[in-house]
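Asker: Pasting the sequence and the predicted coordinates here, then a few questions.
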Amino acid sequence: MAGKQVTTVEGLAKDGKLHVVQQAFVDEGAYQCGYCIPGMIMASVALLEENPRPTDAQILSKLNSPSL
């Protein structure tokens, strides 16, 4: 990862406020294990950075991708 920037789920929050995706998971009660949720959140953030308005089909395709 030399020369690359890595963001972890902990690095999404800024100034004590959760990232909007993190907050949405909290607001919707989307709780899973400590391994699942960070991955789901990071995959969601990555998807939204690529495509801020994905269709349902694009969401399902990306989040079911083995490349995650």
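Answerer: Structure received. Numbering: from 1, shown residues only.
Asker: So which residues of the chain form helices?
Answerer: 20-27, 36-50, 56-63 (DSSP state H).
Asker: Of all those helices, which one is nearest Thr7?
Answerer: helix 36-50 (7.9 Å; CB to CB). Glycine gets a C-beta too; all of them are placed from N, C-alpha and C.
Asker: Now the closest one: average pLDDT?
Answerer: Average pLDDT, helix 36-50: 92.
Asker: That one versus helix 20-27: what angle between them?
Answerer: Angle between the axes of helix 36-50 and helix 20-27 is 140 degrees (criterion: axes from the mean of the first three to the mean of the last three CA atoms, to 10 degrees).
Asker: Could you pull out the buried residues of helix 36-50?
Answerer: Using 16 or more other CB atoms under 10 Å as the burial criterion, the residues of helix 36-50 that qualify are 37-38, 40-45, 47.
Asker: can the helices of the chain go into TSV with extra columns for distance to Val6?
Answerer: As requested, the helices of the chain are exported to TSV (distance: least, CB to CB, whole Å):
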stretch	distance to Val6
helix 20-27	17
helix 36-50	11
helix 56-63	20
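Asker: Of all the ones you listed, which one is nearest Met1?
Answerer: Met1 lies closest to helix 36-50 among the helices of the chain, at 15.1 Å (CB to CB).
Asker: what does that closest one rub up against?
Answerer: By CB atoms under 8 Å, 6 or more residues apart in numbering, the surrounding residues in contact with helix 36-50 are 7-9, 12, 19, 21-22, 25, 30-32, 54, 58-59, 62-63, 68.
Asker: Would you mind checking those for buried ones?
Answerer: By neighbour count, with 16+ other CB under 10 Å, the contacts of helix 36-50 hold 9, 12, 19, 21-22, 25, 54, 62 as buried.
Asker: I'm done for today, thanks for sticking with me.
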